[in-house]
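>>> I'd like to go over a predicted model; first the sequence, then the structure.
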Amino acid sequence: MEEGAANESGKPAPEAVATNGKAAVETAPPKPAPAKEDNGAPGVPGFVPTRIFLSKGVGRHKEKLNSFELALRDAKIAQYNLVRVSSIFPPGAKIIPASEGLRLMRPGQIAFCVLAECATNEPHRLISASIGMAIPRDQNMHGYLSEHHDCGMNDEQAGDYAEDLAAQMLATTLGVPFDSDKSYDEKMEQYKLGGEIVRTTEITQSAIGDKAGLWTTVVASAVLL
């Protein structure tokens, strides 16, 4: 075929280049595939969780480490490689039931979580671990998670305290005034009147130290997916 001649389809033939005495057709290098955005969120680099669930548990054993493992098992999160993270509620994240979140996970996977724990081998010692949560009205803004552990607080007391901590952190970020000397309920009403906080909640696990002196461990967690 002469140079510049058309092929059978009527289109000009590609330019031939000699290679070891044989004719080869030059082709353009393939274009690289466009990079995929993480989490399907355009323009947002890195992993930003879109779901979160809460869980809690208690464990008792003669060894402290084993009691911690049993507490994680009770919370249904012992089969994951837990990585503790700081206490930011991702913008727009959805709170889901623990049962739904666990169905999305596989044993051995790395799981990011905010984790509170407390342990004692003192008989009859009351211990607690709690996660508090405060979420702003604007879903484009982050909220806060707080972890709290203490001795001498029951479920209600520790839960209120943790929830209050999260609300205070969010209130200061939003510039909502508050009086730290007021009671928990009064502060919640004041935050709501500010028109910013739409939801606060908590999860708490308390327990009384084993009477025989076994290690008793309590955990509360917020797992981010």
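Now that the structure is in, tell me what you want to look at.

>>> can you tell me the helix or strand for the nearest residue to residue 84 once chain neighbours are set aside?
The spatially closest residue to residue 84, leaving aside those adjacent along the chain, is residue 115, at 5.4 Å (C-beta to C-beta, 6 or more residues apart in numbering). Every residue, glycine included, has its C-beta placed from N, CA and C. Assessed by DSSP states H and E, residue 115 sits inside strand 110-120.

>>> Downstream of that strand, the next helix or strand is which one?
Next helix or strand after strand 110-120 toward the C-terminus (DSSP H and E): strand 126-136.

>>> from what I can see residue 50 touches residue 95, true?
No: assessed by C-beta atoms under 8 Å, residue 50 is found out of contact with residue 95, at 11.0 Å.

>>> mind listing what the strand holding residue 115 pairs with, with the direction of each?
strand 81-84 (parallel), strand 215-224 (antiparallel) (DSSP bridges).

>>> can you give me the offset of the last one from its chain's centre?
Mean-position distance between strand 215-224 and its chain equals 14 Å (C-alpha atoms, centre = their mean, to the nearest Å).

>>> Check which residues of the strand holding residue 115 are buried.
111-120 (16 or more other C-beta atoms under 10 Å).

>>> C-alpha coordinates for stretch 170-180, PDB please?
The C-alpha coordinates for stretch 170-180 follow below in PDB (Å, rounded to 0.1, in the frame of the first residue of the first chain):
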ATOM      1  CA  LEU A 170     -18.800  21.200  70.500                       C
ATOM      2  CA  ALA A 171     -20.300  24.300  72.200                       C
ATOM      3  CA  THR A 172     -16.900  26.000  72.500                       C
ATOM      4  CA  THR A 173     -16.200  25.200  68.800                       C
ATOM      5  CA  LEU A 174     -19.500  26.700  67.800                       C
ATOM      6  CA  GLY A 175     -19.100  29.700  70.100                       C
ATOM      7  CA  VAL A 176     -22.200  28.900  72.100                       C
ATOM      8  CA  PRO A 177     -21.900  30.400  75.600                       C
ATOM      9  CA  PHE A 178     -22.300  28.100  78.600                       C
ATOM     10  CA  ASP A 179     -21.800  28.200  82.300                       C
ATOM     11  CA  SER A 180     -19.700  25.200  83.400                       C
END
